[in-house]
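Undergrad: everything below, folded, please.
(chains A and B)
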Amino acid sequence: AQSVTQLGSHVSVSEGALVLLRCNYSSSVPPYLFWYVQYPNQGLQLLLKYTTGATLVKGINGFEAEFKKSETSFHLTKPSAHMSDAAEYFCAVSYNQGGKLIFGQGTELSVKP
Amino acid sequence: EPEVTQTPSHQVTQMGQEVILRCVPISNHLYFYWYRQILGQKVEFLVSFYNNEISEKSEIFDDQFSVERPDGSNFTLKIRSTKLEDSAMYFCASSEAMGATEAFFGQGTRLTVV
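TA: Numbering: from 1, shown residues only, chains lettered A, B, ... in the order given. Have a look, this model is predicted:
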């Protein structure tokens, strides 16, 4: 079955430090890949997505992610964390079979002053 | 900026009661979805809806669930006889097209079955 794995349910970084949130998918067919962010008491907001073309994609709020087919990964990074980045981050994939998204379990990012 | 809106934000219901969760998708979107997130678990796909019919549903979406687009703007999820395990956050989403296009999510309805 197709699945998405996010390594680490909680990640804590200091303000100004590098943010790295890991995502791997299990499929021989490359999917469309997404990162969503959820702030407290809010819905899911798209950070960035990979469909085709350049494997390094840039999103909102300074985040970027790189699709690595050989590693079946789509890790999310940000060079310098800000306090406002504290939220839950979800990696998701779609196989264009009906548009449904398959989500990872989420990673809660904490940013320490 | 257009957004998906869901009502109510919180719903408490007794076991066995019917509930209807409401969503207003973005107006020019054609594809609609319901997802749920049980506390501490993954966001799970329930159903997708296009052209006034279900295009795909998960194994979670059994006969107790139904969806409807009653008036061309609202998109509803009905649970006929709620169970304790239906307690979750329910998210509505919509998109212009399937696959690569971004899905826009509502803020969710927290359903608590007591």
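Undergrad: for residue A:109, which non-adjacent residue is closest in space?
TA: Excluding the flanking residues, the one nearest residue A:109 by Cβ to Cβ, 6 or more residues apart in numbering or on different chains is residue A:11, at 5.3 Å. Any C-beta I mention is one placed from the backbone N, CA and C, and that applies to glycine too.
Undergrad: quick check: that neighbour vs residue A:22, distance?
TA: Shown here: residue A:11 relative to residue A:22, a distance of 9 Å by Cβ to Cβ, to the nearest Å.
Undergrad: now do the shared contacts for the two.
TA: Counting by Cβ atoms under 8 Å, 6 or more residues apart in numbering or on different chains, the common neighbours of residue A:11 and residue A:22 are residue A:107.
Undergrad: one step back: element containing the residue nearest to residue A:109, please.
TA: Per DSSP states H and E: residue A:11 is located in strand A:10-14.
Undergrad: just checking, what packs against that strand?
TA: Under the contact definition 3 or more Cβ pairs under 8 Å, 6 or more residues apart in numbering or on different chains; DSSP states H and E, strand A:10-14 sits against strand A:19-26, strand A:107-112.
Undergrad: so what's the gap between stretch A:49-59 and the chain middle?
TA: Its chain's average C-alpha position is 12 Å from that of stretch A:49-59, according to Cα atoms, centre = their mean, to the nearest Å.
Undergrad: wait, does that stretch contact chain B?
TA: Yes. Contact between stretch A:49-59 and chain B is present through A:49, A:51-52 (criterion: Cβ under 8 Å from any Cβ of the partner chain).
Undergrad: buried subset of the residues you listed?
TA: residue A:49 (16 or more other Cβ atoms under 10 Å in any protein chain shown).
Undergrad: quick one: the helices in chain A, in order.
TA: Shown for chain A, no helices are assigned by DSSP state H.
Undergrad: how about the residues of it by chain B?
TA: A:32, A:34, A:36, A:41-46, A:49, A:51-52, A:90, A:92, A:94-106.
Undergrad: show me what the helix or strand hosting residue B:67 is packed up against.
TA: Residue B:67 belongs to strand B:65-68 when assigned by DSSP H and E. Under the contact criterion of 3+ Cβ pairs under 8 Å, 6+ apart, strand B:65-68 touches strand B:43-50, strand B:75-79.
Undergrad: what's the mean pLDDT across the last one?
TA: This points to strand B:75-79. Per-residue pLDDT over strand B:75-79 has a mean of 97.
Undergrad: tell me the contacts of residue 27?
TA: Here I'm looking at chain A. A:2, A:72, A:93, A:95.
Undergrad: actually it's chain B I care about, not the one you picked
TA: B:2, B:73.
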